[in-house]
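Enquirer: Dropping a prediction and its sequence here:
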Amino acid sequence: MLRIVLQSKGRLNEDSTALLNEIGINVEDSKRSFLAKTPNFPIELLYMRDDDIPQVVSSGTASLGIVGLNEVVEKGLKVEIVESLGFGGCRISLAVPKSVEYNGLQWFEGKKIATSYPNILKKYLEEKGINADIEIITGSVEIAPAAGIADAIFDIVSSGSTLISNALVEVEKVFESEAVLISNGHLDSEQQDILNEMLFRIASARVSRDKKYLLLNLPSSAIDEAVKILPSMRSPTVMPLAADGWCSMHSVVNNSELWEKVRQLKAIGAEGILVLNVDKIIL
Ligand code: ATP
Ligand code: MG
């Protein structure tokens, strides 16, 4: 049995649950309980506020956790980052009121900056040789300048709309974050096997997300050219059609290359092209 701590509600809750479901671990309605079992996989889920997740993992209360890298680095506790998960992307930036004339980092010298991330900010300011006061605020940091609490803020930005609605401008991007899987590094061999199985499934899910399955009909004379266009996992599947001189070709392509491949295949005579979603690719 392996215990994993997830955010109980908030921005990472849904994506964390979706990831577990995507890798075949059925997670029941997470918002109702503090501790939940999964019916078809030997893990137990613990739900906490994201601020507490690094501590719960480093103390060993849970073996694994899913949390933003920002929280991990801010708390500075001893945990291992096992895997970046590709969701919950954001950055922590310095922002100033749009009315000020910002002339570079020196502007912050002697100023007061409001933030919920004092440790990350302190380290950054030290590296840059700036002396500024840090005002710790745990919520609604973006209102601090208008409320006269601080001259500037250091806060999470994703789309930037919160900054705009508070008449602030992002001036320095300091820290890039995304959701990460963390561990306390003290797994017994059974727990390590469970983690390995999860990592294998996560890798498969990630690969399949960007793939499409392509089926098409092709004059048999064009097979060699089509194989150059569709290298596929090993090589494309080719099957004869009932009509003489024609074949059906199947292959998996990267979504980002799909339309370019379709254009090239049409140019060599491909017809009846079908594009299907790929549910899983087992690596
Ligand atoms: P909790 O009640 O669990 O303490 P919270 O209010 O501190 O929740 P959320 O706003 O739910 O936190 O954000 C959780 C994490 O989601 C952040 O720490 C960050 O890693 C990530 N995140 C991604 N985009 C954003 C965003 N636009 N604003 C805030 N956090 C974001
Ligand atoms: Mg929090």
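Expert: Right, received. Where do you want to start? Numbering: from 1, shown residues only. Ligands and ions are numbered 1, 2, ... in the order given.
Enquirer: tally of neighbours for the spatially closest residue to Phe200 that is not a sequence neighbour?
Expert: Using CB to CB, 6 or more residues apart in numbering and skipping residues adjacent in sequence, the residue nearest Phe200 is Leu283, 7.3 Å away. (Each C-beta comes from the backbone N, C-alpha and C, glycine too.) Leu283 is flanked by 11 other residues according to other CB atoms under 10 Å.
Enquirer: and Leu283, what is it in contact with?
Expert: By CB atoms under 8 Å, 6 or more residues apart in numbering, the contact set of Leu283 is 200, 203-204, 207.
Enquirer: low pLDDT regions in the protein?
Expert: Scanning the chain for pLDDT under 70 picks out 29-32, 232-233.
Enquirer: Which residues does the residue of the stretch 51-200 of the chain found nearest ligand 1 form beta bridges with?
Expert: Closest residue of the stretch 51-200 of the chain to ligand 1, CB to the nearest ligand atom: Gly68 (2.1 Å). Beta bridges link Gly68 to Ala179, judged by DSSP bridges.
Enquirer: before we move on, back to that, in the contacts of Leu283, find the pair that's most separated.
Expert: Spanning the widest gap among these are Phe200 and Val207, at 11.2 Å by CB to CB.
Enquirer: sorry, back to before: for the contacts of Leu283, which one is nearest ligand 1?
Expert: Comparing the contacts of Leu283 against ligand 1 with CB to the nearest ligand atom places Ala203 closest, at 22.2 Å.
Enquirer: Checking my notes, that closest one in a strand, right?
Expert: No - the assignment for Ala203, made by DSSP: H, G, I helix; E, B strand; the rest coil, is helix rather than a strand.
Enquirer: Ile134 looks like it's in a strand, true?
Expert: Yes - under three-state DSSP, Ile134 falls within a strand.
Enquirer: Quick check: closest non-adjacent residue to it.
Expert: Closest to Ile134 by CB to CB, 6+ apart is Pro118, at 5.0 Å.
Enquirer: Just give the number of residues close to Lys228.
Expert: The burial count for Lys228: 9, using other CB under 10 Å.
Enquirer: ranges for the helices of the stretch 101-250 of the chain?
Expert: Secondary structure of the stretch 101-250 of the chain by DSSP state H, counting those that start in this stretch: the helices cover 118-128, 161-165, 189-209, 223-229.
Enquirer: And the ones you listed: which comes nearest Ala95?
Expert: Closest among the helices of the stretch 101-250 of the chain, once you apply CB to CB, is helix 161-165, at 5.4 Å.
Enquirer: As PDB, could you dump the C-alpha coordinates of the closest one?
Expert: Presented in PDB, the C-alpha positions along helix 161-165 are these (Å, rounded to 0.1, in the frame of the first residue of the first chain):
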ATOM      1  CA  SER A 161      -5.700  38.800 -16.300                       C
ATOM      2  CA  THR A 162      -5.500  39.200 -12.500                       C
ATOM      3  CA  LEU A 163      -2.700  41.600 -13.000                       C
ATOM      4  CA  ILE A 164      -4.500  43.600 -15.600                       C
ATOM      5  CA  SER A 165      -7.600  43.900 -13.500                       C
END
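Enquirer: Tell me if it is near ligand 1.
Expert: No - using CB under 6 Å from any ligand atom, helix 161-165 stays clear of ligand 1, with a minimum separation of 7.5 Å.
Enquirer: what comes up buried for that helix?
Expert: Neighbour-count burial for helix 161-165 flags 162-163 (criterion: 16 or more other CB atoms under 10 Å).
Enquirer: For the residue of the stretch 51-200 of the chain closest to ligand 1, give me its contacts.
Expert: Applying CB under 8 Å, 6+ apart, the residues near Gly68 are 12, 50, 88, 90, 177-180.
Enquirer: And it, how close does it get to Val141?
Expert: Distance, Gly68 to Val141, using CB to CB, to the nearest Å: 15 Å.
Enquirer: returning to that earlier point: relative to Arg11, how far out is the residue nearest to Ile134?
Expert: For Pro118, the distance to Arg11 - CB to CB - is 21 Å.
Enquirer: And Ser116, by the same measure?
Expert: Distance, Ser116 to Arg11, using CB to CB: 14 Å.
Enquirer: quick one, which of those two is more surrounded?
Expert: The neighbour comparison of Ser116 against Arg11 (other CB under 10 Å) goes to Ser116, with 21 against 16.
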